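Colleague: give me coordinates for this.
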Amino acid sequence: PVPNFPEPLLDSDSARTVACRPDLFKIVTPINVDRFQALLADHPNQMFVDSVCRALREGFWPWADVPDDSYPSINDNSMHTCKKSDIQLAFIEEQLQEEIRLGRVSESFGEDLLPGMYSVPMHTVPKPNSDKLRLVVDHTAGDFSLNSMIDSDSIKGTKLDGLHSLGASL
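Modeller: Numbering: from 1, shown residues only. Coordinates of the predicted model:
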């Protein structure tokens, strides 16, 4: 089955924030989950089907781990980045607005992070053989990075480049 929400996180600042502000944590998928589940009613591994459908409704938690007590409840790492030009700042803002429009990023909820939230630095790099930019969201920067909460041994060899590679890894 697809991993569920980590039990040790059930009583955490993160879980309480998600419960209090579901508007900030929408699950967006083009899949009609009820129809998908109905089509798989005769699948021989119903435990797997149920876990995938639950994850499509509630969110996926692959390789989620509970940080030790040294990790803060709130970590604003967004300033851990390089200086940006006006063009880069405008590009980042355009990309964020597009992600908000598509429902993949929450609209602003104020200047302060809520309990259990971490922010990450964003910057740009030039696209190869082009004068266009590519957005980089750095999950490895800082002492309490998001990636530092994932056991590297548990994902060795995994390519997270799309649904096919993710599915094969699960």
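Colleague: in a helix, residue 106, correct?
Modeller: No - using DSSP: H, G, I helix; E, B strand; the rest coil, the secondary structure at residue 106 is coil, not a helix.
Colleague: ok, and the closest non-adjacent residue to it?
Modeller: Spatial nearest neighbour of residue 106, chain neighbours left out: residue 24 (4.4 Å); criterion: C-beta to C-beta, 6 or more residues apart in numbering. No exception for glycine: its C-beta is placed from N, CA and C like everyone else's.
Colleague: do residue 56 as well
Modeller: In this structure, residue 56 finds its nearest non-sequential neighbour in residue 33, 4.7 Å apart by C-beta to C-beta, 6+ apart.
Colleague: just the local confidence number for the one you found, please.
Modeller: If you check residue 33, the pLDDT there is 96.
Colleague: look at it and say how many residues are nearby.
Modeller: Residue 33 sits with 15 neighbouring residues when counted by other C-beta atoms under 10 Å.
Colleague: could you tell me the phi and psi values at it?
Modeller: phi -60, psi -40 (degrees, to the nearest 10).
Colleague: mind naming the longest helix for the protein?
Modeller: Secondary structure assigned by DSSP state H gives helix 86-101 as the longest helix of the chain.
Colleague: any idea how far the helix or strand following that one is from the middle of the chain?
Modeller: On the C-terminal side of helix 86-101, the closest following helix or strand by DSSP states H and E is strand 118-119. Relative to the mean C-alpha coordinate of its chain, strand 118-119 is positioned 11 Å out (C-alpha atoms, centre = their mean, to the nearest Å).
Colleague: show me the contacts for the closest residue to residue 133 other than its chain neighbours.
Modeller: With sequence-adjacent residues excluded and distances taken as C-beta to C-beta, 6+ apart, residue 133 is closest to residue 124, at 4.3 Å. Counting by C-beta atoms under 8 Å, 6 or more residues apart in numbering, residue 124 makes contact with 84, 88, 91, 92, 133, 134, 135, 136.
Colleague: also residue 149?
Modeller: Counted by C-beta under 8 Å, 6+ apart, residue 149 has contacts 64, 65, 66, 67, 71.
Colleague: now the residue lying closest to the fourth one once chain neighbours are set aside. Its backbone dihedrals?
Modeller: Nearest residue to residue 67, sequence neighbours excluded (C-beta to C-beta, 6+ apart): residue 149, at 5.0 Å. Main-chain torsions, residue 149, degrees, to the nearest 10: phi -90, psi 0.
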